[in-house]
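**Q** Predicted structure and sequence below. I'll ask about it afterward.
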Amino acid sequence: MTTCIPSGSSKLHYGVTDCKAQGCRRTSWVFDVPINRSVQKKFSWSNGRSKVLQIQKCNVSKSQMYENWKPVRSIVSSCMRDGSTKYFDFTVIGSGVAGLRYALEVAKHGSVAVITKAEPHESNTNYAQGGVSAVLCPRDSVESHMRDTIVAGAYLCDEETVRVVCTEGPDRIRELIAMGASFDHGEDGNLHLTREGGHSHHRIVHAADMTGKEIERALLEAVVNDPNISVFEHHFAIDLLTCQDGSDTVCLGVDTLNTETREVIRFISKVTLLASGGAGHTYPTTTNPLVATGDGMAMAHRAQAVISNMEFVQFHPTALADEGLPIKPTKPRENAFLISEAVRGNGGILYNLSMERFMPTYDERAELAPRDVVARSIDDQLKKRNEKYVLLDISHKPREKILSHFPNIATVCLQHGVDITRHPIPVVPAAHYMCGGVRAGLQGETNVQGLFVAGEVACTGLHGANRLASNSLLEALVFARRAVQPSIDHMKSSSLDLTASNWWCRPVAPVSLRNDIMHKIVTKTGKLRKELQSIMWRYVGIVRSTTRLETAEQKIGELEANWEEYLFRQGWEPTMVGLEACEMRNLFCCAKLVVSSALARHESRGLHYTIDFPHLEESKRLPTIIFPSSTVSTTWSCRQLHKEPMYL
């Protein structure tokens, strides 16, 4: 029998070395410590890859453990020893489509905690307008969907993953419909399928232009009615609780901050699913809701999970440009309003402010080119012409069709003086989706035992260097479902020790700090957050260069050091937690991951375009891999807070 001990530092340093191990021909590694060959082979996306990473158990002490947990409705009160520690079979971090779909399945086999940062509906899923792509038309095919996905992904996609997702997608859609999700139908009574950029067929299932909201509604309704699922609102996930079993890192739950009571709540569980979404707020303008601050990616990184392809940040080409609106918003938006890909898919045309159509000069697919191409084309127009936005026009289409397909977009635009049935819409690119994230196998497994991932936080290999429109909800549904059986198997063969809650130091709320000090800290953090976002947009945006990336690396390091020095000078301690401070450390962490990955890629592929290496290089067609290092961390953002505090 082995005993788990809290795991070591998860600090990563970055340097590029060539992978010479057998089986690693398609993987580029970013690390500075020796990694044994078996680990390298385990994370190679190649045809010879094992479909399921071997799950090894951490055999903790058998004393006082739950031997026979049974799902019960009163799980919140029955599975806790005190108010600040809760025990579940499964913990789900995130309440978007991936987290909720997974929770509904594993709840058939045990108790489930769904932890959500704000209200359950506040997720990227809820803001997804376009729809879900799936092969549901006889004239379409899995091979065609695969080809479109791989072409859009600049041939960096994992073919096995693409085949799995495109093959299983239709069944996942049918399951949603059976659960009560209502999608649009055509006059023939069949599902109305639309087309978006990069797709060769009409294969997008949608609910007008509010598809994500409809899916979220159906899933939340089912979750609320499930007696084995407990939803914890306004619980911010701080850090995963990890221990070491020999060379394996094992996850046994998560620390959270109840942002309403400022109490730290510890969740101990046999299995954890990370479905926390993306990191759009690393940039100043994003279509993501405020909750998207890269928390899951940063937590997983600190917990020694392998991270991949973080350089591929997708900028949606068409977010509403407030500067071009006749009636300006009365206050700055928390997130940019998305103008769906489907507007271009239904015939929308892009013009510059001189009403010159420009997309055909950049790509033969014109407005139906993949998002990376359209975003770069708009960016080029804006820089060449020194303008702030371009125009997207759908007004040449019949008024009734516009209003029936895009009722939400039409309503919001009209509130700002734009009638989209008569006038073009001012648009500009905005940060939208992270194609990279926590590296996952074909069943959502990670290199951390007991930790699974699904949704935007994961890097499954589906998207490659650029996500095909409407493949995100599809991926979330497929991988949430695929992660279920291995999670159940792991849960059934695992034992939980009731003393586990005492293995880690518990983070604390800064109640010892005066209100005026806290106000100063929150104000300073908000100011530096905007500075970080500005650095990322200016130096790590749609078009990059080595010099700009190196400048970003330096400026981010200086900004982080400045922030941490200020925090601790004000009396903040390394184990203290607050929403603003914890989000800031995660944003710093994600920003550094993006910059390091971008510096490692010496070519232009998909969403990563650099003027120093402007062409595709076949020899560089490799995922970027960031491995954890045992090197002691020197920054707060890269340390798990339940580690022994370091004296600064």
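**A** Received, thanks.
**Q** can you map out the strands along the stretch 101-250 of the chain?
**A** For the stretch 101-250 of the chain, the strands defined by DSSP state E, counting those that start in this stretch occupy 112-115, 132-133, 193-194, 204-205, 229-232, 235-245, 248-258.
**Q** most tightly surrounded among those strands?
**A** Greatest average neighbour count among these goes to strand 132-133 (a mean of 31), per mean count of other CB atoms under 10 Å. Just so you know, the C-beta spots here come from the backbone N, C-alpha and C atoms, and that holds for glycine as well.
**Q** what packs against that one?
**A** Contacts defined by 3 or more CB pairs under 8 Å, 6 or more residues apart in numbering; DSSP states H and E place strand 132-133 against helix 159-178, strand 204-205, helix 472-482.
**Q** out of those, which comes closest to Glu364?
**A** Nearest to Glu364, of all the helices and strands packed on strand 132-133, is strand 204-205, at 21.8 Å by CB to CB.
**Q** other SSEs contacting the closest one?
**A** Where contact means 3+ CB pairs under 8 Å, 6+ apart, strand 204-205 is packed against strand 132-133, strand 193-194.
**Q** 10 Å instead, please
**A** Of the remaining helices and strands, those touching strand 204-205 by 3 or more CB pairs under 10 Å, 6 or more residues apart in numbering; DSSP states H and E are strand 132-133, helix 159-178, strand 193-194, helix 211-224, helix 341-345, helix 472-482.
**Q** thought Met491 was touching Gly110?
**A** Yes: the criterion here is CB atoms under 10 Å, and Met491 meets it with Gly110 at 5.8 Å.
**Q** between the two, what contacts are shared?
**A** 69, 88-90, 269-271 (CB atoms under 10 Å, 6 or more residues apart in numbering).
**Q** Go through the residues you listed and flag which are in strands.
**A** 88-90, 269-271 (DSSP state E).
**Q** Could I get the pLDDT score of Lys11?
**A** On pLDDT, Lys11 comes in at 32.
**Q** if we can go back for a sec, would you turn the helices and strands packed on strand 204-205 into JSON lines with distance to Arg514 and mean pLDDT?
**A** Shown next, in JSON lines, are the helices and strands packed on strand 204-205 (distance: least, CB to CB, whole Å; pLDDT from 0 to 100):
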{"stretch": "strand 132-133", "distance to Arg514": "50", "mean pLDDT": "92"}
{"stretch": "helix 159-178", "distance to Arg514": "50", "mean pLDDT": "96"}
{"stretch": "strand 193-194", "distance to Arg514": "56", "mean pLDDT": "90"}
{"stretch": "helix 211-224", "distance to Arg514": "40", "mean pLDDT": "89"}
{"stretch": "helix 341-345", "distance to Arg514": "49", "mean pLDDT": "89"}
{"stretch": "helix 472-482", "distance to Arg514": "43", "mean pLDDT": "96"}
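**Q** Just name the most buried of the ones you listed.
**A** strand 132-133 (a mean of 31).
**Q** Direction included, what does that one pair against?
**A** According to DSSP bridges, strand 132-133 has the following sheet partners: strand 204-205 (antiparallel).
**Q** what's the strand it pairs with in contact with?
**A** 130-134, 136, 169-170, 173, 176-177, 181, 183-184, 191-196, 211, 215, 340-342, 345, 469-470, 473-474.
**Q** residues near Thr286, how many?
**A** 27 (other CB atoms under 10 Å).
**Q** which residues does it bridge with?
**A** Counting by DSSP bridges, Thr286 is bridged to Ala431.
**Q** Any chance you could list what contacts the helix or strand hosting Ser487?
**A** Per DSSP states H and E, Ser487 falls inside helix 484-493. Residues outside helix 484-493 that contact it (CB under 10 Å, 6+ apart): 52-53, 55, 57, 69, 88-90, 101-106, 108-111, 269-273, 441-445, 449-452, 454.
**Q** could you give me the average pLDDT of that helix?
**A** Mean predicted confidence for helix 484-493 is 96.
**Q** same thing with stretch 609-620?
**A** On average, stretch 609-620 scores 95.
**Q** can you check stretch 270-285 too?
**A** In this model, stretch 270-285 has a mean pLDDT of 96.
**Q** Start and end of that stretch, how far apart?
**A** End-to-end distance for stretch 270-285, by CA to CA, to the nearest Å: 38 Å.
**Q** for Leu156, phi and psi?
**A** Main-chain torsions, Leu156, degrees, to the nearest 10: phi -100, psi 0.
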